[in-house]
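**Student:** following is a predicted model, sequence given first.
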Amino acid sequence: MNRSSAFFILIAASLFAYIYLVESKEKGTKEKEASEKKLFELTASKIDRLTITREEITIELVKKGSEWKILKPIATNADLSAVEQILSELEFVETRRTIPSNEIEDLDSTLKQWGLSTPATKITAQGDKKTYELIVGRKIAVSDLYYAKKSMDRLASVELISSFSRNNFEKKLNDLRSKEILKFNSSDLRKISLKQSNGESAIIDEKELLFDKELWTLQKPIKARGDREKINSWISNALGLKVTRFISDDSSNLNVYGLSSPKTQLSFGFDQHSTQTLLLGRTTTDQPTEIYAKLLESNTVFSVKIEAIEKLLLETPGWRDKHLLPSFLQTEIEGLKIISKNKTVGFQNENKKWTLTGQSDFLIEENKIDQVLKSIQELKSTQFVKDTLGDLKTYGLDKPSLVIALDRKKGEERSKIEIRFGKTDKNNIFVMNSLEPFIYAIPSTFNAEWPTELWQWRSLHVLSDPATQFNKIQISDRKGIRSLLTLDEKGNWISENPSQSLNSKLLEPFLAKLSNLQGVRWVGNSPSPSYELTQPHLKIEIQTSTGSKTLKLGALLPTGGRVAQIGNSDPYFEITRPDFQTLNEDLTAPLPPSPEVKSETHSQKSPE
């Protein structure tokens, strides 16, 4: 490095050091100035008691846990955000100017003139074993500032604070009150009751819900399953109700508000028999969009938006579960039977595999069973037709057109569930289940996507015999037998044609595919010349230790796959092009001539 380079590096380093020192000093100066402007050195979160005194009222608040409570002039919950706004402002309030008392002429008269001898607002905050006090007086005539002091001591300095800070301190009692009407943890709720009357004694509607064993059940007007999801949503909406205005804390004359005989009562019950009951009266005299309300357990009358109440009441019919069956898990179902007028089809789940009842080798496509069970799980009524069974004949349920029977095992408990389907009515079909005395209407297209033929249920896992059970394979095409393979005594595959050699590299994937062949889809159950299976392109005959099977591969499909069939009576299915290519590989090739044959051929060749 030459002297010139070293010099420039030294200059640059010095410049950076200077900038850093200047910025650090400037930052420190700003922080110091901001700190000096703050009236109080306090942390809002450490304050646990707050008193706001005005000429006409004193409001006392105390923090209990994470919540604030109003103690005076009434005992009630406080609005957390409103209290925190005051405390935050108290923590960060700044003085725009400090006027020492010795600079104020005629101190007593001036303090009175500035509204500081009998202040409009006095705030006392306590916490962390310290007490902080702020007195706010009048507005300065020529500026948007207010006179304030940190103590009632007449000799304390006068501070000038912004109108923004002053306004944040000017909270009235109703500003500090919690606007939440209902306050509870929904997990503690055990009972919900709704009573609606004509304003006198006659009840025109009554609903009741009970929560037990993780389930909501409707008790009134009938006993029925509750829709947990909708009920939880309704509870959430109820907890979201807010006070619009506080009307009065005197409940001596509730008749004025229509609350002595309220038209609507919403009651929420909890453990230890505690309750919260919301009473709803008449429309407020000055606001037609609000109604009077109060909690039975409180003296406070307030108003609430009619729209919010109407929405809540309109949702109560949704308490009843519209699902055709109580909730169940698909894994709990061990048997399924579908009984129609023409046929009965049964399925059973053995070792986590679905098969045709009584035919363990007839594997069922699992997603077909899943599809049917899922559609049963999701079946919802479009209408509750009758809440008593009564005359089944009217609805075609005495001689149902279709019956679905489920065998269920939940834990160690086994049960049977039967669903009966009756007459159709326009786009609906009448239905009932064996668990409840109700008649429902559901969409008549509920089973439109279900398989209609037995072969459509069948698993597309068409070949599943382990390759270790194979002992002979014959492969033919339209020209005749292509390969004849046999398993020898040593467990090795050989060609029965001594003039052919076996390609072991192609044989391994061929056997793997043949022992685990999966179809893409069922093509049909009726023969068709277009399938080209009377003279298949490829035919593979397999002998196993338990029997024999024949796989026939026919016409090329537009998808690129091939039509295929096992035997002569099974339905037709499609396999993919790669699977066909694997099975169509030529596994054998002619053996090359032996050296002796080559020599003899050469010696017999005539000279040119």
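**Tutor:** Perfect, I can see it now.
**Student:** got phi/psi on K213?
**Tutor:** Note on K213: backbone dihedrals following degrees, to the nearest 10 are phi 50, psi 50.
**Student:** what's the burial count for T424?
**Tutor:** Applying other C-beta atoms under 10 Å, we find 13 residues neighbouring T424. C-beta here means a position set from N, CA and C on the backbone, and glycine is covered the same way.
**Student:** could I get stretch 456-463 in CSV with only the CA atoms?
**Tutor:** Extracted in CSV, the C-alpha atoms of stretch 456-463 (Å, rounded to 0.1, in the frame of the first residue of the first chain):
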residue,chain,number,x,y,z
GLN,A,456,-69.2,-50.8,-10.1
TRP,A,457,-68.4,-51.4,-6.4
ARG,A,458,-65.6,-53.8,-7.2
SER,A,459,-62.1,-52.9,-6.3
LEU,A,460,-59.9,-51.8,-9.3
HIS,A,461,-57.1,-53.7,-7.6
VAL,A,462,-57.8,-56.5,-10.2
LEU,A,463,-54.8,-58.7,-9.6
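**Student:** OK, contacts around the nearest residue to L379 once chain neighbours are set aside?
**Tutor:** Closest residue to L379 apart from its sequence neighbours, by C-beta to C-beta, 6 or more residues apart in numbering: L324 at 4.0 Å. Taking C-beta atoms under 8 Å, 6 or more residues apart in numbering, we find L324 in contact with I376, L379, K380, S381, I419, V431, N433, Y440, I442.
**Student:** then K410?
**Tutor:** Contacts of K410 were listed using C-beta under 8 Å, 6+ apart, and they are F328, E332.
**Student:** got it, and S186?
**Tutor:** Contact analysis of S186 by C-beta under 8 Å, 6+ apart lists N232, I235, S236, L239.
**Student:** state the helix or strand in which the third one lies.
**Tutor:** Translated: S236. Element membership of S236 [criterion: DSSP states H and E] is helix 228-239.
**Student:** for the stretch 501-608 of the chain, which segments count as strands?
**Tutor:** Along the stretch 501-608 of the chain, the segments classed as strands by DSSP state E, counting those that start in this stretch run 517-518, 521-524, 538-544, 548-556, 562-566, 572-575, 588-590.
**Student:** what pLDDT does the residue nearest to K539 when sequence neighbours are not counted get?
**Tutor:** Nearest residue to K539, sequence neighbours excluded (C-beta to C-beta, 6+ apart): S476, at 4.6 Å. We have a pLDDT of 96 for S476.
**Student:** mind listing what's buried along the helix or strand containing S476?
**Tutor:** When elements are defined using DSSP H and E, S476 is found to belong to strand 470-477. By 16 or more other C-beta atoms under 10 Å, the buried positions in strand 470-477 come out as F470, I473, Q474, I475, S476, D477.
**Student:** so what's the gap between the helix holding S236 and the chain middle?
**Tutor:** Centre-to-centre, helix 228-239 and its host chain are 14 Å apart (C-alpha atoms, centre = their mean, to the nearest Å).
**Student:** bridge partners for K149, pull those for me.
**Tutor:** For K149, the residues forming beta bridges with it (DSSP bridges) are I135, V158.
**Student:** er, K207 I mean
**Tutor:** On the basis of DSSP bridges, K207 is bridged to L194.
**Student:** I'd guessed it sits against S193; true?
**Tutor:** Yes - the pair K207 / S193 is scored as a contact, 7.2 Å apart, by C-beta atoms under 8 Å.
**Student:** surely P437 is in contact with V385?
**Tutor:** No - P437 is beyond contact range of V385, at 12.0 Å (criterion: C-beta under 8 Å).
**Student:** contacts only, for the closest residue to W216 other than its chain neighbours.
**Tutor:** Nearest non-adjacent residue to W216, counting by C-beta to C-beta, 6+ apart: G226, 3.2 Å away. Residues in contact with G226 (C-beta under 8 Å, 6+ apart) are L209, L215, W216, T217, L218, W319, R320, D321.
**Student:** just the buried ones from these, in ChimeraX syntax?
**Tutor:** Remark: buried members of the contacts of G226, expressed as a ChimeraX selection using 16+ other C-beta under 10 Å:
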select :209,216,217,218,319,320,321
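**Student:** hey, what's the residue nearest to K539 bridged with?
**Tutor:** Where S476 sits in a bridge, its partners, by DSSP bridges, are I481, K539.
**Student:** contacts only, for it.
**Tutor:** Contacts here follow C-beta under 8 Å, 6+ apart; on that basis S476 touches R482, L538, K539, I540, E541.
**Student:** circling back: could you export the strands of the stretch 501-608 of the chain as TSV, including mean pLDDT and mean neighbour count?
**Tutor:** Below are the strands of the stretch 501-608 of the chain laid out as TSV (pLDDT from 0 to 100; neighbours: other C-beta atoms under 10 Å):
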stretch	mean pLDDT	mean neighbour count
strand 517-518	94	18
strand 521-524	94	16
strand 538-544	95	18
strand 548-556	96	18
strand 562-566	96	23
strand 572-575	96	22
strand 588-590	87	14
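**Student:** would you turn the ones you listed into JSON lines with distance to N342?
**Tutor:** Shown next, in JSON lines, are the strands of the stretch 501-608 of the chain (distance: least, C-beta to C-beta, whole Å):
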{"stretch": "strand 517-518", "distance to N342": "31"}
{"stretch": "strand 521-524", "distance to N342": "20"}
{"stretch": "strand 538-544", "distance to N342": "35"}
{"stretch": "strand 548-556", "distance to N342": "31"}
{"stretch": "strand 562-566", "distance to N342": "26"}
{"stretch": "strand 572-575", "distance to N342": "23"}
{"stretch": "strand 588-590", "distance to N342": "50"}
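**Student:** so for P466, which of these sits nearest?
**Tutor:** Closest approach to P466 among the strands of the stretch 501-608 of the chain is made by strand 538-544 (8.8 Å; C-beta to C-beta).
**Student:** in a markdown table: the buried residues of strand 470-477, plus distance to S101.
**Tutor:** Listed next are the buried residues of strand 470-477 as a markdown table, based on distance: C-beta to C-beta, whole Å:
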| residue | distance to S101 |
| --- | --- |
| F470 | 109 |
| I473 | 112 |
| Q474 | 117 |
| I475 | 113 |
| S476 | 117 |
| D477 | 115 |
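**Student:** tell me the one of the contacts of G226 nearest N503?
**Tutor:** Once C-beta to C-beta is applied, the member of the contacts of G226 that ends up nearest N503 is D321, at 63.3 Å.
**Student:** does Y440 belong to a helix, a strand or coil?
**Tutor:** Under DSSP: H, G, I helix; E, B strand; the rest coil, Y440 falls in the strand class.
**Student:** that one bridge partners, please.
**Tutor:** Here Y440, judged by DSSP bridges, has bridge partners F384, V431.
**Student:** closest one of the contacts of L324 to D579?
**Tutor:** Ranked by distance to D579 (C-beta to C-beta), the contacts of L324 are led by I376 at 34.0 Å.
**Student:** doesn't the closest one fall inside a helix?
**Tutor:** Yes - going by three-state DSSP, the assignment for I376 places it inside a helix.
**Student:** residue contacts, it?
**Tutor:** L324, L325, I404, L406, I419.
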